[in-house]
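A.B. asks: What follows is a predicted structure for the sequence shown.
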Amino acid sequence: MLIKDFIDAIEKHDDLEGMDIRDNKLYVRNKQTNQVCSISFECIEDNSLSVLQDILEGKREPEALYQMSRVVGYFSRIDNWNDSKKGELKDRQKGNYNVS
């Protein structure tokens with residue numbers, strides 16, 4: 001898939017939001033879970049939109065993507081977390097915390 005097409009699809013998606021592009025990676029946040037994934041351009045080019053969306057929406061386990069979460073002001077890869085911390089993430093309250 002072309003990177004431009006993927007970015008366009010993310011911009012049109014209700015639950016996903018592009019965060020940043022750097023180091024040949026696109027950072028995408030799931031608005032429902034507040035999790036951020038970094039996706040390499042190579043991964044975008046090698047996979048279909050449906051596969052990438054399923055991973056970003058949590059419907060499919062990522063094989064080639066890193067799952068990240070924002071904790072106390074910085075992003076951390078979830079695969080580095082212990083089981084207890086992953087359990088806390090799963091139980092975390094989800095909501096719209098935007099300040100207008």
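C.D. replies: The structure has been received and is ready for your questions.

A.B. asks: Buried ones in the one helix or strand residue 36 maps to, by neighbour count?
C.D. replies: Mapping residue 36 onto the secondary structure by DSSP states H and E places it in strand 35-40. Across strand 35-40, burial judged by 16 or more other CB atoms under 10 Å covers 35, 36, 37, 38, 39. From N, CA and C alone the C-beta is placed, and that goes for glycine too.

A.B. asks: partner strands of that strand, parallel or antiparallel?
C.D. replies: strand 25-30 (antiparallel), strand 66-71 (antiparallel) (DSSP bridges).

A.B. asks: who does the helix or strand following the last one touch, helix- and strand-wise?
C.D. replies: Taking DSSP H and E as the definition, the helix or strand that follows strand 66-71 towards the C-terminus is strand 74-77. Secondary-structure packing of strand 74-77 (3 or more CB pairs under 8 Å, 6 or more residues apart in numbering; DSSP states H and E): strand 66-71.

A.B. asks: Now do the helices in the protein.
C.D. replies: Using DSSP state H, the helices found in the chain span residues 3-12, 41-46, 49-56, 83-91.

A.B. asks: would you list these in a markdown table and tack on mean pLDDT and mean neighbour count?
C.D. replies: Formatted as a markdown table, the helices of the chain follow (pLDDT from 0 to 100; neighbours: other CB atoms under 10 Å):
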| stretch | mean pLDDT | mean neighbour count |
| --- | --- | --- |
| helix 3-12 | 91 | 14 |
| helix 41-46 | 88 | 15 |
| helix 49-56 | 86 | 18 |
| helix 83-91 | 83 | 10 |
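
A.B. asks: any chance of those helices in a markdown table, with distance to residue 99 too?
C.D. replies: A markdown table is the format used below for the helices of the chain (distance: least, CB to CB, whole Å):
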| stretch | distance to residue 99 |
| --- | --- |
| helix 3-12 | 23 |
| helix 41-46 | 32 |
| helix 49-56 | 25 |
| helix 83-91 | 23 |
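
A.B. asks: how far out from the middle of the chain is stretch 51-58?
C.D. replies: With CA atoms, centre = their mean, to the nearest Å as the basis, stretch 51-58 stands 8 Å off its chain's centre.
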